[in-house]
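Q: Return atomic coordinates for the entry below.
(one chain, ligands or ions: 2)
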Amino acid sequence: MRMTAQRKAILDALRKLKTHPTADELYEVLKKQIPRISLATVYRNLELLSDAGLIKRLDPGADRKRRYDANVEPHFHVRCTVCGRIGDVKISSDFNVHEVITDTNNFVVEGYSIDFWGLCEKCAGKMSKKGG
Ligand SMILES: [Zn+2]
Ligand SMILES: [Zn+2]
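A: Ligands and ions are numbered 1, 2, ... in the order given. Presented below is the predicted three-dimensional model:
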């Protein structure tokens, strides 16, 4: 894959954001920098960068939006149940899932994923202000 100027700008913008943006969200940021860029270009390049393994595509959540992550190291995600924002979750490096499994129904386990959910800082703040 050739690293064009636009592609590089898209990759850099994604690396700066820690919010796991959608193509639309990234486009809003990029068009301030590159006024002639189109949403289709952003989307196509995000797909190419994912295929090349430079970024990660996240599974769409309940909001059906496809989000992207510049952090390709293994890590987990927490999803806000109100606004859909995604954050990274770090867990202790000596966590070993095989130590806590008690039964796999005779399956040979080769991998796993853990999903966290809750409220992001913004939504948690709104909730407490409402005094609920
Ligand atoms: Zn939220
Ligand atoms: Zn992430």
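Q: Using CSV, list the CA coordinates for the helix or strand hosting L48.
A: Take DSSP states H and E as the rule and L48 turns out to sit in helix 39-51. C-alpha atoms of helix 39-51 as CSV (Å, rounded to 0.1, in the frame of the first residue of the first chain):
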residue,chain,number,x,y,z
LEU,A,39,-16.0,11.5,3.4
ALA,A,40,-15.7,8.7,0.8
THR,A,41,-11.9,9.2,0.7
VAL,A,42,-11.7,9.1,4.5
TYR,A,43,-13.8,5.9,4.6
ARG,A,44,-11.9,4.2,1.7
ASN,A,45,-8.5,5.0,3.3
LEU,A,46,-9.6,3.8,6.7
GLU,A,47,-10.6,0.5,5.1
LEU,A,48,-7.3,0.2,3.3
LEU,A,49,-5.3,1.0,6.5
SER,A,50,-7.3,-1.6,8.4
ASP,A,51,-6.6,-4.2,5.7
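Q: Next, give phi and psi for the residue lying farthest from the centre of the chain.
A: In the chain, the residue that sits farthest from the middle, by CA atoms, centre = their mean, is N106; the gap is 32.5 Å. Main-chain torsions, N106, degrees, to the nearest 10: phi 60, psi 10.
Q: From R2, how far out is it?
A: According to CB to CB, to the nearest Å, N106 and R2 sit 47 Å apart. Using the backbone N, CA and C atoms, a C-beta is placed for each residue, glycine as well.
Q: List, one by one, the residues from the protein near ligand 1.
A: Within the chain, the positions near ligand 1 by CB under 5 Å from the ion are 80, 82-83, 85, 120, 123.
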